[in-house]
Structure formats: C-alpha cells, structure tokens
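A.B. asks: One predicted model, sequence on top.
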Amino acid sequence: MVTVLCCLPLGIVSIVKSTQVSGLWAQGRYADAQKAADDAKKFAMWGAIAGVVFGVIYLIFSLVVGASMFSYSS
C-alpha cells in the first residue's frame, strides 16, 4: 500500500526487505530474518508518514492557491 499510495522509493525498499525474510528464516538465520523484518516495517512506516506529510502539504498548498485565485476573480 505504501508503494502504490504514498512513497514509491521507501515502499520498494520495504518490499525488498520483506522478501528477504522467508529466505533468511529458511536458512536458519533467524537474527538476520528478524532484522530484515524490522527494516521492512521501518521503511513502510516512514513511507506512510512521508505520504501523509506530503498529502497535508499538497492540501494546504491547494487551499492557499485556490483561495488566492478566488479572491482575484471577485
């Protein structure tokens, strides 16, 4: 969801990290699998936060520009 809706670069990193987890777990590298899972979660969270921040900034910018255009047309 983060990759599609919020922040593409961080979402891709999160997907790559999450795909490493099962392979590492199958190899018996449990600590590395846990680290990859934690990293995937971290990048997904940061991507979601970045998406919300940019969405709010876009909304504020749109409202300011829309209000200024409305005041000029009156």
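C.D. replies: Good, I have the coordinates.

A.B. asks: ends of stretch 2-16, how far apart?
C.D. replies: One end of stretch 2-16 to the other measures 13 Å (Cα to Cα, to the nearest Å).

A.B. asks: Any buried residues in that stretch, and which?
C.D. replies: For stretch 2-16, a neighbour-count test (16 or more other Cβ atoms under 10 Å) marks Val2, Thr3, Cys6, Cys7, Leu10, Gly11, Val13, Ser14 as buried. Just so you know, the C-beta spots here come from the backbone N, C-alpha and C atoms, and that holds for glycine as well.

A.B. asks: Please work out how many residues are found near Ala40.
C.D. replies: When neighbours are counted by other Cβ atoms under 10 Å, Ala40 registers 19.

A.B. asks: Which of the three states applies to it?
C.D. replies: helix (DSSP: H, G, I helix; E, B strand; the rest coil).

A.B. asks: pretty sure it contacts Ile12?
C.D. replies: No. Between Ala40 and Ile12 no contact is recorded; they are 11.1 Å apart, counting by Cβ atoms under 8 Å.

A.B. asks: how distant is the helix or strand containing Met69 from the center of its chain?
C.D. replies: Assigned by DSSP states H and E, Met69 belongs to helix 30-73. Put simply, helix 30-73 sits 7 Å off its chain's centre (Cα atoms, centre = their mean, to the nearest Å).
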